[in-house]
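1. compute the structure for the input listed below.
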Amino acid sequence: MMDVKEIRKYLPHRYPFLLVDRVIELVPGESIVAIKNVTVNEPFFNGHFPEHPVMPGVLLVEAMAQAAGILGFKTMDKTPEGGSIYYFVGADDLRFKRPVVPGDQVKLEARVMSERRGIWKFAVKASVDDLIVCSATILCADRKV
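-> Okay, here's the model as predicted:
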């Protein structure tokens, strides 16, 4: 549904911090399903951990937040280029279930729970081969740049 070229219109992130490769489903105001392909060439694997590469948990959370950001931007019909930015401002009920390693394809899912005065609440989860690797409730704030 969205390739990386279109994703870059809705996220201000760039290499090496753009963590969404493709959007496969998106229902504005409701939900998104996106993909992050994890390769051994990711720069963080040089130090986390060279002999046992594991994707850092904080980057999994960031990838879920980026997917939620795309959903929020598309729902509001806004873009970073239009002067809007979406800040990740909090996480609750964060759980890591299993490690993500090179070769994994991570499915990122976000569902809108609520929106109030520019603060959005999302239920998010990441899975590999239909097994949940991470889940949380996250908050994002829509602000002008």
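
2. helix/strand/coil for Leu18?
-> coil (DSSP: H, G, I helix; E, B strand; the rest coil).

3. what about it, neighbour count?
-> 16 (other CB atoms under 10 Å). For glycine as for every other residue, the C-beta is placed from the backbone atoms N, C-alpha and C.

4. repeat for Lys107
-> 19.

5. state the pLDDT value of it.
-> pLDDT, Lys107: 99.

6. do a quick rundown of the strands in this protein.
-> Taking DSSP state E to define them, one finds strands in the chain at 22-27, 31-37, 84-96, 105-116, 119-128, 131-144.

7. got these as a markdown table, with distance to Asp3 columns?
-> Converted to a markdown table, the strands of the chain look like this (distance: least, CB to CB, whole Å):
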| stretch | distance to Asp3 |
| --- | --- |
| strand 22-27 | 6 |
| strand 31-37 | 11 |
| strand 84-96 | 20 |
| strand 105-116 | 15 |
| strand 119-128 | 20 |
| strand 131-144 | 23 |
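
8. low-confidence stretches in the chain?
-> Along the chain, segments meeting pLDDT under 70 are nowhere present.

9. farthest from the middle of it: give me that residue.
-> Centroid-distance maximum for the chain: Glu51 at 26.4 Å, with CA atoms, centre = their mean.

10. tell me how many other residues surround Asp92.
-> 9.

11. how about the nearest residue to it, chain neighbours excluded?
-> Thr137 (4.6 Å; CB to CB, 6 or more residues apart in numbering).

12. cool, and Lys74?
-> Pro28 (5.1 Å).

13. so that neighbour touches Ile70, yeah?
-> No: the criterion here is CB atoms under 8 Å, and Pro28 misses it with Ile70 at 10.3 Å.

14. fine by me, we can end here.
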